[in-house]
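Asks: below are the sequence and a predicted model; questions follow.
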Amino acid sequence: RNEEPARVSLMTLLAENDRQIGSDGTAYVMMGGECEEETALDGGDVSVAVAGGYNCCVCMVRHKGAAFIPCGHTFCRRCSREVWVQRGHCPLCNNAIVEILDIF
């Protein structure tokens, strides 16, 4: 029995990679608002949280304000500034941080 491995498009994998999973199991998507429900890689449903309902993956705390860095990852404003000053690189992908955009 020779099964082929599951195939997933690169864009789907990148979208999954940009998703931040909250402690309550909901996911926040940067392009949120376009759709309320998405399908996870395993075929299950993923509930998309509203813009203010995600946890920062650096400090693991839910904050009202978020900041977007050039590589596309999102952190709370405080953590994004601390990471920029202390490391200068994204903690998730190690790309250089040259600016920060406050998004909400």
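Replies: Perfect, I can see it now.
Asks: give me the neighbour count for Ile103.
Replies: Residues lying near Ile103 (other Cβ atoms under 10 Å) number 12. C-beta: built from backbone N, CA, C; applies to glycine.
Asks: what's the spacing between it and Ala6?
Replies: 33 Å (Cβ to Cβ, to the nearest Å).
Asks: again, but for Ile100
Replies: 36 Å.
Asks: now the helices for the protein?
Replies: 10-17, 77-86 (DSSP state H).
Asks: lowest average pLDDT across those helices?
Replies: When these are ranked by mean pLDDT, helix 10-17 comes last with a mean of 62.
Asks: poorly predicted segments of this protein, please.
Replies: The chain contains residues with pLDDT under 70 at 1, 5, 8-54.
Asks: let's see 80
Replies: 1-54, 62-65, 103-104 (pLDDT under 80).
Asks: which residue is the nearest non-sequential neighbour of Ala67?
Replies: Ser80 (3.8 Å; Cβ to Cβ, 6 or more residues apart in numbering).
Asks: out of Ile100 and Ala6, which sits in the busier spot?
Replies: Ile100 (16 against 8).
Asks: surely the more buried one meets Phe68?
Replies: Yes. Assessed by Cβ atoms under 8 Å, Ile100 is found in contact with Phe68 at 7.3 Å.
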